[in-house]
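A.B. asks: Here's my sequence, what's the structure:
(2 chains)
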Number of protein chains: 2
Amino acid sequence: MKGKKIDLGSSACAIARSLSVVGDWWSLLLVRDALGGARRFGEFESRLGLAKNILAVRLRKLIEEGIFERVPSSDGGARDEYQLTKKGEELYVVLVGLWQWGEKNTASPKDRRLIMVDRQTQQKIARLEVRAKDGRRVGPRDYTSREIGAGS
Amino acid sequence: MKGKKIDLGSSACAIARSLSVVGDWWSLLLVRDALGGARRFGEFESRLGLAKNILAVRLRKLIEEGIFERVPSSDGGARDEYQLTKKGEELYVVLVGLWQWGEKNTASPKDRRLIMVDRQTQQKIARLEVRAKDGRRVGPRDYTSREIGAGS
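C.D. replies: Just a heads-up that it's a prediction; the model follows:
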């Protein structure tokens, strides 16, 4: 990545390590599309409008990172499909956070707007809340990082 | 950004719009460092190890996007400082999500590990949970997007 001078992947900070894996807009959009049902190369291609060669490189990177895995076609066809690993699926919390932030802080197109709903009730899902173990709300200035030994 | 063929910023999807603003590893690390107390150009520079000219461009972009604002020095010095707007601060939920995902899914260095704790109690903060309005847990496959008219 341009300008990436530090080795994020070996950082003591888990945010940096996560960003070394998914710190590009396209990786989280590929996860989004997979959660939305995309499995075939062509589905990702048409949803994201990426060139074939670029998409192939990106999917390969996400497979190397353990976010996607390549599996035989679910309908017995000749082409492999791409499915999220458990690790990949767990990124949905980050996607929900980005969705809610974007809904609040960016302007949606005038004519068309998507909202995120619970599949079962079709109601908007609740706002993500950061809380301490005792249930207290934790605001943006209420947390800090603490260094611990790797053994503790 | 390389390979960005679609106009994420005008997408109907709020995830795509968010990523058009913060879809680069460095933007979220700048937000992280600001939440961690960084205010001066030199503080961001030393924490991220970026070249001055690159950092300047990046901070300018984040100011244009309304994530940071430039304010007079808090100690009366000659140099302006950079502080998060409310919109920028609200990204902390995304950072917490990335932190928790990285803690679970990426290997921390052997000798050094940072954990995210509630400032008041020094306890680890609770895992973010996606829930429906009625309190039910919403898993990665339990939500979907629904298109609504811009007026509704």
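A.B. asks: Can you get me a residue count around A:Arg137?
C.D. replies: Neighbours of A:Arg137 under the rule other CB atoms under 10 Å in any protein chain shown: 9. Heads up, the C-betas are built off the backbone N, CA and C, glycines and all.
A.B. asks: How many neighbouring residues does the residue nearest to it when sequence neighbours are not counted have?
C.D. replies: Distances taken as CB to CB, 6 or more residues apart in numbering or on different chains place A:Arg131 nearest to A:Arg137, at 5.9 Å, with adjacent residues excluded. Using other CB under 10 Å, A:Arg131 has 16 other residues around it.
A.B. asks: now do the one 10 residues further on
C.D. replies: Using other CB under 10 Å, the number of residues around A:Arg141 comes to 12.
A.B. asks: so where is chain A shaky, pLDDT-wise?
C.D. replies: Filtered on pLDDT under 70, chain A yields the residue ranges A:1-6, A:149-152.
A.B. asks: can you give me the strands in it?
C.D. replies: With DSSP state E as the criterion, chain A has strands at A:68-71, A:81-84, A:113-118, A:143-148.
A.B. asks: got those strands as JSON lines, with distance to B:Pro140 and mean neighbour count columns?
C.D. replies: Formatted as JSON lines, these follow (distance: least, CB to CB, whole Å; neighbours: other CB atoms under 10 Å in any protein chain shown):
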{"stretch": "strand A:68-71", "distance to B:Pro140": "14", "mean neighbour count": "16"}
{"stretch": "strand A:81-84", "distance to B:Pro140": "8", "mean neighbour count": "19"}
{"stretch": "strand A:113-118", "distance to B:Pro140": "12", "mean neighbour count": "20"}
{"stretch": "strand A:143-148", "distance to B:Pro140": "25", "mean neighbour count": "16"}
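A.B. asks: and the ones you listed as CSV, adding distance to chain B?
C.D. replies: As requested, those are exported to CSV (distance: least, CB to the nearest CB, whole Å):
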stretch, distance to chain B
strand A:68-71, 14
strand A:81-84, 8
strand A:113-118, 4
strand A:143-148, 4
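A.B. asks: Nearest to A:Asp24 among those would be which one?
C.D. replies: strand A:68-71 (14.3 Å; CB to CB).
A.B. asks: residues contacting the residue nearest to the spatial centre of chain A?
C.D. replies: Centroid-nearest residue in chain A: A:Leu28, 3.7 Å away (criterion: CA atoms, centre = their mean). Residues near A:Leu28 by CB atoms under 8 Å, 6 or more residues apart in numbering or on different chains: A:Val22, A:Leu91, A:Val94, A:Leu95, A:Leu98, B:Ile15, B:Leu19, B:Gly23.
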